[in-house]
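**Student:** How does the following fold in three dimensions:
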Amino acid sequence: MIVTTTARSSGHPGYTETLPCTPPSAATARRLVRTALAVWGIGHCTDAATLIVSELVANA
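**Tutor:** Residues are numbered from 1 along each chain as shown. Next up, the predicted model:
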């Protein structure tokens, strides 16, 4: 697993993580999304965002 954090031109950190094609990757992706949203101060979007990322990872 590779995790990279970089500053973006917006000033917000960007997160990149390469996950293996295994069932536990969905939980890892949801955790990354929850963490990023909390850091960015938009935790109120967590439910929708974790549902979306779950679907994306399942379909990948």
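**Student:** The residue positioned nearest the centre of the chain: helix or strand, and which one exactly?
**Tutor:** With distances taken as Cα atoms, centre = their mean, Val33 lies nearest the centre of the chain, 3.0 Å away. In this assignment (DSSP states H and E), Val33 forms part of helix 24-39.
**Student:** quick one: buried residues of that helix?
**Tutor:** For helix 24-39, the buried set under the neighbour-count rule, 16 or more other Cβ atoms under 10 Å, comprises Ser25, Ala26, Thr28, Ala29, Arg30, Leu32, Val33, Arg34, Ala36, Leu37. Where C-beta positions appear, they are placed from N, C-alpha and C, glycine not excepted.
**Student:** and the residues you listed as JSON lines, adding pLDDT and distance to Thr18?
**Tutor:** Formatted as JSON lines, the buried residues of helix 24-39 follow (pLDDT from 0 to 100; distance: Cβ to Cβ, whole Å):
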{"residue": "Ser25", "pLDDT": "89", "distance to Thr18": "10"}
{"residue": "Ala26", "pLDDT": "90", "distance to Thr18": "14"}
{"residue": "Thr28", "pLDDT": "91", "distance to Thr18": "11"}
{"residue": "Ala29", "pLDDT": "91", "distance to Thr18": "11"}
{"residue": "Arg30", "pLDDT": "93", "distance to Thr18": "16"}
{"residue": "Leu32", "pLDDT": "88", "distance to Thr18": "11"}
{"residue": "Val33", "pLDDT": "91", "distance to Thr18": "15"}
{"residue": "Arg34", "pLDDT": "92", "distance to Thr18": "18"}
{"residue": "Ala36", "pLDDT": "85", "distance to Thr18": "15"}
{"residue": "Leu37", "pLDDT": "88", "distance to Thr18": "20"}
